[in-house]
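> can't give you the sequence, but here's the structure:
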């Protein structure tokens, strides 16, 4: 791990803690637009919804993709994601329900289970697989792609998984249960931090009538994805299975989310890299020449070497 670009830690003191009322938002961001995801399939036929698509990469920089998957039909997920390459970004897989085994060419292996998170930095290149470890029942979760700065794209691969009990959590005075996957919320630091992109990744369980406020730097891009129930953000109703892209209001200092009934929501934000984005399938670089090099390295067996 390159500690100059990656700082990781478990905030044990925050796990299950009660929040202080320090999260004050004086002017909340509104909703710029609502986005409906696109039904598709990936891997060996896993059915999913692509929520953050390629046409939103510049608008939601540094985030490249968000996939939502969820089914109780094994035919929708059982084949999983056999060996495939990545270069130039990070993947964050959050498993709401189910069991998935990760193996990669850098020698990392981890079993992702209910409520757990897997964070992988592809860096200069990794080949990995994600295979379900169940033959029935529900499999539900999300995979987020987070871009790397040009100076970090050829760093050594890195991997860490967190079981649900290891993830920092906090409950607000309004009863909102917050899992802090990345960033800081209500005095609790998340499982992972990144210096350049400063990602915030929260899973919010809001009871009926609850209000949740989260400060956000004005220059950060942010979005909300509702996966249960319905919420109101900046006066706009956001129904289930919709993403709300938050407006970049230079005067706003955060976001306020309100729930008329029980709801579950992802809140994701980060500092944009403001660099060229060139993507070809599982490779995300800054120039076409770098993509050609990635393809050549993969073809010639030079991508996926063991991490240092």
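Received, thanks. The structure displayed is predicted, hence computed values, not measured ones.

> alpha carbons only for contacts and neighbour counts from here, please
Noted.

> which residues sit in contact with residue 94?
Residues counted as contacts of residue 94 (CA atoms under 8 Å, 6 or more residues apart in numbering) are 115-118, 141-143.

> can we see that at 10 Å?
Residue 94 is in contact with 68, 112-119, 140-144, 161-162, 164, 181, 203, counting by CA atoms under 10 Å, 6 or more residues apart in numbering.

> partners of it in the sheet?
residue 117, residue 142 (DSSP bridges).

> The chain should start at 111 in everything you say after this.
OK, 111 is where the count begins now, so the last one is residue 204.

> Check it and give its pLDDT.
We have a pLDDT of 97 for residue 204.

> With residue 121 instead?
Reading off the model, residue 121 has pLDDT 36.

> same deal with residue 310?
In this model, residue 310 carries a pLDDT of 98.

> Below-threshold pLDDT in the stretch 161-310 of the chain: ranges please.
For the stretch 161-310 of the chain, no stretch is flagged by pLDDT under 70.

> ok, 90 please
180-193, 210, 212-220, 238-249 (pLDDT under 90).

> Please list all residues in contact with residue 311.
Contacts of residue 311 (CA under 10 Å, 6+ apart): 202, 254, 289-295, 300-303, 332, 376-380.

> 8 Å instead, please
290-293, 376-379.

> again with residue 181
With CA under 8 Å, 6+ apart, residue 181 has these contacts: 187, 248-250.

> Ok, residue 185 next?
If you count contacts by CA under 8 Å, 6+ apart, then residue 185 has nothing around it.

> Most neighbours among the contacts of residue 181, please name it.
Counting neighbours by other CA atoms under 10 Å, residue 187 leads the contacts of residue 181 with 28 neighbours.

> Now that one. Nearest residue, chain neighbours left out?
Among residues not flanking residue 187 along the chain, residue 156 sits closest, at 4.6 Å (CA to CA, 6 or more residues apart in numbering).

> so what's that neighbour bridging to?
residue 152.

> Just to check, it is in contact with residue 192?
No: look at residue 156 against residue 192 with CA atoms under 8 Å: they stay out of range, at 10.8 Å.

> For the two, indicate the residue with more neighbours.
residue 156 (19 against 14).

> about what we covered before: which among the contacts of residue 204 count as buried?
Buried members of the contacts of residue 204, counted by 16 or more other CA atoms under 10 Å: 178, 222-229, 250-254, 271-272, 274, 291, 313.

> quick one: average pLDDT of stretch 406-417?
The average of the pLDDT scores along stretch 406-417 is 81.

> Could you list the residues in contact with that stretch?
195, 215-217, 234-237, 266-268, 404.

> The regular element (helix or strand) spanning residue 144 - contacts with which helices or strands?
Following DSSP states H and E, one finds residue 144 within strand 141-146. Judged by 3 or more CA pairs under 8 Å, 6 or more residues apart in numbering; DSSP states H and E, strand 141-146 is in contact with strand 352-356.

> ok so, going back, for the contacts of residue 181, which one is nearest residue 345?
Using CA to CA, residue 250 comes nearest to residue 345 of the contacts of residue 181, at 29.2 Å.

> Please, where are all the strands along the stretch 311-418 of the chain?
For the stretch 311-418 of the chain, strands defined by DSSP state E, counting those that start in this stretch occupy the ranges 321-325, 331-338, 341-343, 346-348, 352-356, 364-368, 373-380, 388-390, 393-395.

> Present those strands as TSV; the columns should include mean neighbour count and distance to residue 168.
What follows is these, written out as TSV (neighbours: other CA atoms under 10 Å; distance: least, CA to CA, whole Å):
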stretch	mean neighbour count	distance to residue 168
strand 321-325	20	22
strand 331-338	22	10
strand 341-343	22	22
strand 346-348	18	22
strand 352-356	22	12
strand 364-368	22	21
strand 373-380	22	12
strand 388-390	14	11
strand 393-395	23	13
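
> can I get the ones you listed in a markdown table with mean pLDDT and distance to residue 308?
Below are the strands of the stretch 311-418 of the chain laid out as a markdown table (pLDDT from 0 to 100; distance: least, CA to CA, whole Å):
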| stretch | mean pLDDT | distance to residue 308 |
| --- | --- | --- |
| strand 321-325 | 97 | 13 |
| strand 331-338 | 98 | 11 |
| strand 341-343 | 98 | 22 |
| strand 346-348 | 98 | 25 |
| strand 352-356 | 98 | 17 |
| strand 364-368 | 98 | 15 |
| strand 373-380 | 98 | 5 |
| strand 388-390 | 97 | 21 |
| strand 393-395 | 98 | 19 |
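
> Distance to residue 210 added to those strands, as TSV?
Putting the strands of the stretch 311-418 of the chain into TSV (distance: least, CA to CA, whole Å) gives the following:
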stretch	distance to residue 210
strand 321-325	31
strand 331-338	20
strand 341-343	30
strand 346-348	30
strand 352-356	25
strand 364-368	31
strand 373-380	21
strand 388-390	26
strand 393-395	23
